[in-house]
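In: 3D model of this:
(chains A and B)
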Amino acid sequence: MARYEIRFGGFGGQGIVTMAVVLGETLSLIEGKHCVQTQSYGPEARGGATKSEIVIDDDEVDYPKVQEPDVFVAMSRAAYLEYIEGLKDDGILIIDEDLVDVEGDLSDGIKIYKIPATRIADKDVGAKQSTNVVMLGALAAITGIVSIDGLKQRVVERWPRFKESNLKALEAGVKAGEGAEPSSA
Amino acid sequence: MPERVMFTMGDIASAEGALSAGCKYFGGYPITPATEIAEWMSLRMPELGGAYVQYEDEIASITSVIGASWTGVKSMTATSGPGVSLMLEAVGLAVMTETPLVLVNIMRGGPSTGQPTKGQQGDVMQPKWGSHGDYQIIALTPASVQEMFDQTVQAFNLSERYRTPVFVLADETVGHMRERLVIPDEKDLKLEYRKLPTGPPEEYLPFKADDDLVPPMALLGSKYHFYATGLTHDERGYPSDKEDVQIELITRLNNKILHNADKIIDLERFMLDDAKICVISYGTPSRSAKKAIKDARSEGIKVGMLRFKTVWPFPEEAAAQIAAEVKHIIVAEQNLGQVYYMVKAASGSTPVHLMTKPAGMPQLPNEILDKIKEVDSL
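Out: Numbering: from 1, shown residues only, chains lettered A, B, ... in the order given. Model prediction:
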């Protein structure tokens, strides 16, 4: 597979950086893929637009930051507005539909998936903190870029105390991702 | 400990490199984007029987590191440009007292407090010229998470071998990005340790160098007594205002680095064999340059890269040699030109072009590619 770029955007505190780190850990440590994770955030501890990125490549990743994402996962309006630019014309946009509306001119080729990750985490999983894990499940189901078994293994290794809620969140996200119908702008 | 694999950030890789090198003391003051090094050390040091101390500021931090090193403990600090500014006076003290220590600078945007969460390569000249007096420094410039580990180990080895402070100069991108890190089995690591004095203690001259220009170093509190001072001192360590003592001391301090430059300098040659254009780069911009070079090669442009894994002592001979081999040199660095001037001074009549970006994001590969094409058309 050629270079593949994923961008996550949201506000500080949503676990945006952690999402990309868990994805990177799964790809690198479990699936043996070449990948680099970077992030960008302001001086605030909470709030503010946060961005975290993963670049995957067949060989060693050269330039470590995302240039034109294949996938953009947007979890806040501010992050959507700030980081939507550059998404590939045939890219994938995944939004938390309760927090983000599709605004501005988007290429017709972009496939938009609406996943109410925060609502699923709150209502179905019963742990709002697991929103990012729900979204990771949806991302895996929609893009196939990472194996769902790999993600399961990683979240359990990483947070043994929260095994049940995270596996529940992951499965709820996978289900939402599998059921989501893409639309275009 | 057997081999371990992590997916982690450059800052943590550097901390792990220090621990693998046998560092047992960290004195510091947290600062973005180097905070993760302090944080990691505060967790790991107690597990390994070492000491982590957070001080009131950077001046106390570095002077504590000097003191710890004199007790025979491999010691370090980590900071960013504003912290280095405060530490530089003591860096001079470490040079003058020949104290092994490692200082990691995760470079952020400057001058002053600048852009804490964004990167830059604005501090390349700082370790070399920032402290007063005539001295040499060693500075390593890693470009990946693995190199953050490997080169921190190397920084300790060089500091112990030459009894001198060594900088690890990493841009924020390298410090904060996560990649796969392989921490080798400890028995596969080659670690160096300062020479200890032998012979009768009453004949010990603490600043009398061996043929390699490096004096053996006694441990504070051992049977070998010494006095260390920032004042110019003779072989006994006693202050002196004599001209010959000053000349002898600073010549030796400079030469122990310069005469061993070929053993310190670390370079990567990339696609240079038939190159007509050479890109010189280091840190994250060198990763963009690699991509740009591969793309330019696919368009038939003969271009390669000389990557500096060390910037101090400056790889003057290597720069001069490549200047004699190619038609053009492009220096790609994340500042307004620092290594550029050093390369220019070494390159004779070969034109040297500057490709800069004094901002948080390193040059994009296509920006460097455009520069390569522009230079190729000259």
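In: From now on I want contacts and neighbour counts done on CA atoms only, so please keep to that.
Out: Noted.
In: Confirm for me that residue B:49 is in contact with residue B:24.
Out: Yes - the criterion here is CA atoms under 8 Å, and residue B:49 meets it with residue B:24 at 7.3 Å.
In: Out of these two, name the residue with the larger neighbour count.
Out: More crowded of residue B:49 and residue B:24, by other CA atoms under 10 Å in any protein chain shown: residue B:24, with 23 against 10.
In: Quick check: the gap between that one and chain A.
Out: Taking CA to the nearest CA, to the nearest Å as the measure, residue B:24 falls 28 Å from chain A.
In: excluding its backbone neighbours, what's nearest that residue?
Out: Distance criterion CA to CA, 6 or more residues apart in numbering or on different chains; nearest residue to residue B:24, sequence neighbours excluded, is residue B:50 at 4.3 Å.
In: quick one: the one you found and residue B:22 touch, right?
Out: No - here residue B:50 lies out of contact with residue B:22, judged by CA under 8 Å, at a distance of 9.4 Å.
In: Pretty sure residue B:354 sits in a strand.
Out: Yes - using DSSP: H, G, I helix; E, B strand; the rest coil, the secondary structure at residue B:354 is a strand.
In: Next, count neighbours for it.
Out: Residue B:354 sits with 21 neighbouring residues when counted by other CA under 10 Å.
In: same deal with residue B:176?
Out: A count of nearby residues for residue B:176, using other CA under 10 Å, gives 26.
In: where are the low-confidence patches of chain A?
Out: Low-confidence segments of chain A (pLDDT under 70): A:1, A:42-47.
In: for the residue nearest to residue A:68 when sequence neighbours are not counted, what are its contacts?
Out: Leaving aside its sequence neighbours, residue A:68 sits nearest to residue A:86 (CA to CA, 6+ apart; 4.9 Å). For residue A:86, the contacting residues are A:67-69, by CA atoms under 8 Å, 6 or more residues apart in numbering or on different chains.
In: out of these, who has the most neighbours?
Out: Of the contacts of residue A:86, with other CA under 10 Å as the count, residue A:69 tops at 27 neighbours.
In: my hunch is that residue A:6 is in a strand, does that hold up?
Out: Yes - assigned with three-state DSSP, residue A:6 falls within a strand.
In: Spit out the contact partners of it.
Out: In this structure, residue A:6 makes contact with A:53-55, A:66, A:69-73, judged by CA under 8 Å, 6+ apart.
In: could you point out the longest helix in the chain?
Out: Using chain A. Determined from DSSP state H, the single longest helix within chain A is helix A:163-179.
In: hm, I was asking about chain B
Out: helix B:145-162.
In: how far is the helix or strand just after it from where the chain is centred?
Out: The helix or strand immediately downstream of helix B:145-162 is strand B:165-171, counting by DSSP states H and E. Taking CA atoms, centre = their mean, to the nearest Å, one finds strand B:165-171 lying 3 Å from the centre of the chain it belongs to.
In: any idea which helix or strand carries residue B:78?
Out: strand B:75-79.
In: Quick one: residues contacting residue B:110.
Out: B:81, B:120, B:122.
In: From residue B:113, how far off is the first one?
Out: Going from residue B:81 to residue B:113 by CA to CA, to the nearest Å gives 8 Å.
In: okay, the two: which has more neighbours?
Out: Neighbours per residue (other CA under 10 Å) separate residue B:81 from residue B:113, with residue B:81 holding more: 28 against 12.
In: Dihedrals phi and psi, the nearest residue to that one once chain neighbours are set aside?
Out: Closest residue to residue B:81 apart from its sequence neighbours, by CA to CA, 6+ apart: residue B:107 at 5.9 Å. Dihedral pair for residue B:107: phi -70, psi 130, per degrees, to the nearest 10.
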